[in-house]
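whatever this is, show me its structure:
(one chain, ligands or ions: 5)
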Amino acid sequence: MKRSACRGLFLFFLIAFFASCTKEVETVPTKIEGEKAGGETTVYLQSSTAISSPAPNLTADNLEKHLKGDAAFEDIFVSGDSPVNGGLGPIFNNNSCISCHPGDGRAAFPTGLNDISGFFFKISVPGTDENNGPAPVQGFGTQLQHQANYGYAKEAEMAVEYKNIEMIFDDGTAITLKKPVYSIINPYTALPANVMLSPRIGMPVFGLGLLEAISEDDILANADMNDMDGDGISGKPNYVWDPVSETTALGRFGWKAGTPSVLVQSAGAYNEDMGVTNPVKPVESSYGQTNGDNTEHAVELDMETLDNVTFYAMTLGVPAGRNFDNPEVIQGRKLFEKINCTACHIPSFTTGHIEGIPEISNQKIYPYTDMLLHDMGDGLADNRPEYLANGKEWKTRPLWGIGLTNLANGHTHFLHDGRAANLTEAILWHGGEAEKSRDEFMKLSKSERDALLTFLNAL
Ligand code: HEC
Ligand code: HEC
Ligand SMILES: [Ca+2]
Ligand SMILES: [Ca+2]
Ligand SMILES: [Ca+2]
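Residues are numbered from 1 along each chain as shown. Ligands and ions are numbered 1, 2, ... in the order given. Sure thing, here's the model as predicted:
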């Protein structure tokens, strides 16, 4: 072969090689990642039970425990010392776990604010308690119970008024957000003037063991308290009191990551939400109040039931992603990244080890949260601190299963108090560290916005 022919052949292969490379880069993925959202705990159902099914990989023994917890989660408590599910109240917000977490999902914003529902106010006065938590309000504690057993006074009633906020997309579409402004009325006794209140609504309870199993180091790796990388997003861990280990621990659950574990969250729910004392929270929430239970009595719930109900929430499976090969979903996922939703809604983690529950250990999961606190601006602020979370900070919500809300719960009320009527409103309420992403969202065309929503609805 002549030298020039040889060089020609070489050039030909070189061009062919680069051409194939470029082609590789331009290839559009045919499916987005993360369909198996809960790793081996993923549930492949597309019915309303997709968020209320046990993780399919539970061993027979663990499934049995899960099912006992399932029954306890549905138990309706009654007043008095009835041997079966007694001890409700004397003041409470609701009488079962399931009534505030319907179908293990999300409560709707109540039609009448003082109806018995999945909505209540956390309350406190400025300052902190002995463990750096919210300081209780004299005569009311740290949660406002708006229901009471016969013969007892409920603590108060809740009131709300709305202010309209008009938002206009770059394409001219206008949306009016209704900003709720809450207050407390008709207290049973004098209410201090400096009470701070935080409206909260019951959220889904599936996949929580997986979130508890993410190692603290992996969560802290995304924290950027002083925004050292200058992208406008900080990400702050909450550190809260753990009454079980009697130490400070990373906060993981609740809208402000105010509790360290599903166990502590559940014990607090029995005690405050239902007035049912238990080994982790043994003192009646109303103890010492003139409308309270001031008798000395044994705890109203045993440790086994508390353990079972905790185990139940920890081992509910996570619904699989749907339609992940749909071109619109693929486009939506790209936009979600492009407008930096992924800065806080971190797509994936691999869980660490949880003693006794190998089923949720070492799983690659797609929760779309960083488990950290972010300043979300004045619009969402409750102005009530909780441990290290200030009055504007909230924990990034996991987005897995969010597209099943309507199917599972018959509504699409989102955010910490259920104020958003749909996903678009939920995004428009994002401010503070998320304002840039929100503004980018408002610049998208209608078809791009639709693609983003189609992606969220596929989770
Ligand atoms: C009166 C309504 C109500 C009742 C009853 C109730 N919850 Fe909740 N639940 C809530 C609200 C509101 C929150 C958010 C609390 C917060 O932000 O601190 C919550 C949060 C939780 C969380 C944290 C979820 C997460 O992703 O952070 C768990 C777990 C939970 N509840 C379990 C239970 C269990 C178990 C019971 C029954 C023992 C129960 N709840 C009873 C309203 C309720
Ligand atoms: C700076 C961090 C941050 C960024 C960026 C961010 N989010 Fe969020 N997101 C949050 C926090 C915190 C909440 C909970 C706020 C609350 O309940 O008040 C939340 C809540 C949500 C909810 C409601 C979830 C629920 O359970 O009610 C949706 C939907 C959502 N975000 C979507 C998005 C989308 C889409 C983007 C990009 C346009 C985005 N988020 C960008 C932090 C962020
Ligand atoms: Ca009681
Ligand atoms: Ca109270
Ligand atoms: Ca940063």
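
please make it C-alpha for all contacts and neighbour counts, starting now.
OK.

what separates the nearest residue to residue 374 once chain neighbours are set aside from ligand 1, distance-wise?
Counting by CA to CA, 6 or more residues apart in numbering, residue 374 lies nearest to residue 393, which is 5.0 Å off, once chain neighbours are set aside. From residue 393 across to ligand 1, the span is 12 Å (CA to the nearest ligand atom, to the nearest Å).

can you name the residues that contact residue 393?
256, 373, 374, 375, 376, 377, 381 (CA atoms under 8 Å, 6 or more residues apart in numbering).

show the backbone phi and psi for it.
Taking degrees, to the nearest 10, you get phi -100, psi 140 for the backbone angles of residue 393.

and what of residue 167?
phi -120, psi 130.

quick check, pLDDT for it.
Looking at residue 167, its pLDDT stands at 98.

now the closest residue to it other than its chain neighbours: which helix or strand?
Once flanking residues are discounted, residue 167 sits nearest to residue 175: 5.2 Å by CA to CA, 6+ apart. Residue 175 belongs to strand 174-185 when assigned by DSSP states H and E.

buried residues in that strand?
Within strand 174-185, the residues that qualify as buried by neighbour count (16 or more other CA atoms under 10 Å) are 177, 178, 179, 180, 182, 184.

any chance of these in a markdown table, plus pLDDT?
Listed next are the buried residues of strand 174-185 as a markdown table, based on pLDDT from 0 to 100:
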| residue | pLDDT |
| --- | --- |
| 177 | 98 |
| 178 | 98 |
| 179 | 98 |
| 180 | 98 |
| 182 | 98 |
| 184 | 98 |
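
need those in JSON lines (columns: distance to residue 39).
Below are those laid out as JSON lines (distance: CA to CA, whole Å):
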{"residue": "177", "distance to residue 39": "37"}
{"residue": "178", "distance to residue 39": "38"}
{"residue": "179", "distance to residue 39": "38"}
{"residue": "180", "distance to residue 39": "38"}
{"residue": "182", "distance to residue 39": "40"}
{"residue": "184", "distance to residue 39": "44"}
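
mind putting the residues you listed in JSON lines, distance to ligand 4 included?
Formatted as JSON lines, those follow (distance: CA to the ion, whole Å):
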{"residue": "177", "distance to ligand 4": "31"}
{"residue": "178", "distance to ligand 4": "28"}
{"residue": "179", "distance to ligand 4": "25"}
{"residue": "180", "distance to ligand 4": "22"}
{"residue": "182", "distance to ligand 4": "17"}
{"residue": "184", "distance to ligand 4": "13"}
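
okay, now the closest residue to residue 306 other than its chain neighbours: neighbour count?
Nearest residue to residue 306 in three dimensions, chain neighbours excluded: residue 267, at 6.9 Å (CA to CA, 6+ apart). Using other CA atoms under 10 Å, residue 267 has 25 neighbouring residues.

residue 215 contacts residue 361, doesn't it?
No. Residue 215 is not in contact with residue 361 according to CA atoms under 8 Å; the separation is 10.5 Å.

shared neighbours of the two, which are they?
Common contact partners of residue 215 and residue 361 (CA under 8 Å, 6+ apart): 351, 352.

tell me which of the two has more neighbours.
More neighbours surround residue 361 than the other of residue 215 and residue 361, with 21 against 15 (other CA under 10 Å).

and the pLDDT for the closest residue to that one other than its chain neighbours?
In space, and not counting its chain neighbours, residue 361 is closest to residue 353: 4.6 Å by CA to CA, 6+ apart. As predicted, residue 353 sits at a pLDDT of 96.

residue 82 too?
Residue 82 carries a pLDDT score of 89 in this model.

residue 21 too?
At residue 21, pLDDT is 47.

before we move on, what about the one 4 residues further on?
The predicted local confidence for residue 25 comes out at a pLDDT of 53.

and for the one 3 residues further on?
Confidence at residue 28, expressed as pLDDT, is 69.

OK, contacts around the residue nearest to residue 361?
With contact taken as CA under 8 Å, 6+ apart, residue 353 is in contact with 213, 360, 361, 362.

just those now: which is nearest ligand 4?
Lowest distance from ligand 4 to the contacts of residue 353 (CA to the ion) belongs to residue 213, with 31.4 Å.

so the closest one touches residue 360, yeah?
Yes. Counting by CA under 8 Å, residue 213 touches residue 360, with 7.3 Å between them.

shared neighbours, the two?
Listed contacts common to residue 213 and residue 360 are 351, 353, 354; contacts here mean CA under 8 Å, 6+ apart.

possible to save these as TSV with distance to residue 225?
Listed next are these as TSV, based on distance: CA to CA, whole Å:
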residue	distance to residue 225
351	23
353	27
354	28
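
out of those, name the ones that lie in helices.
In helices, judged by DSSP state H, none of the shared contacts of residue 213 and residue 360 are found.

residues near residue 47, how many?
Using other CA under 10 Å: residue 47 sits among 11 other residues.
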